[in-house]
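Chemist: Okay, structure incoming, though there's no sequence with it:
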């Protein structure tokens, strides 16, 4: 007998961060976090009217930003 699996409609298991939480963790203003999102540097997801950043997008942004900061200081 063949088993048919239904699509997974459960919410993602990754944590999502709000803008105030990200700002506090990174020791920057909420305005800076919003600027990163508006510039396309940080990916955000809209859930209804809530803007959230996934843990994986936060990690990617941090790795990319760290590399850009080091490159600007002459580190390769």
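Modeler: Ah, there it is. Predicted model, so just to flag it, every value in this text is computed and none were measured.
Chemist: From now on I want contacts and neighbour counts done on CA atoms only, so please keep to that.
Modeler: Noted.
Chemist: in stretch 37-53, what's buried?
Modeler: Counting neighbours by 16 or more other Cα atoms under 10 Å, one finds that the buried residues in stretch 37-53 are 37, 41-44, 52-53.
Chemist: can you check stretch 16-31 too?
Modeler: So, applying 16+ other Cα under 10 Å, buried residues of stretch 16-31: 16-17, 19, 22-23, 30.
Chemist: In CSV, list those along with pLDDT.
Modeler: Formatted as CSV, those follow (pLDDT from 0 to 100):
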residue, pLDDT
16, 93
17, 95
19, 96
22, 95
23, 96
30, 97
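Chemist: a markdown table for the residues you listed, including secondary structure?
Modeler: Output for these, formatted as a markdown table (DSSP: H, G, I helix; E, B strand; the rest coil):
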| residue | secondary structure |
| --- | --- |
| 16 | strand |
| 17 | strand |
| 19 | helix |
| 22 | helix |
| 23 | helix |
| 30 | helix |
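Chemist: Now for these: which two are most distant?
Modeler: 16 and 30 (15.9 Å; Cα to Cα).
Chemist: Local confidence estimate at residue 64?
Modeler: Here, the pLDDT recorded for residue 64 equals 87.
Chemist: Tell me if it really is in a strand.
Modeler: No. Assessed by three-state DSSP, residue 64 does not belong to a strand; its assignment is helix.
Chemist: gap between it and residue 46?
Modeler: Shown here: residue 64 relative to residue 46, a distance of 22 Å by Cα to Cα, to the nearest Å.
Chemist: In helices, which of the buried residues of stretch 37-53 fall?
Modeler: Among these, the ones falling in helices (DSSP state H) are residue 37.
Chemist: tell me the contacts of residue 17?
Modeler: For residue 17, the contacting residues are 52-55, by Cα atoms under 8 Å, 6 or more residues apart in numbering.
Chemist: and if we set it to 10 Å?
Modeler: Contact analysis of residue 17 by Cα atoms under 10 Å, 6 or more residues apart in numbering lists 23, 44, 51-55, 58.
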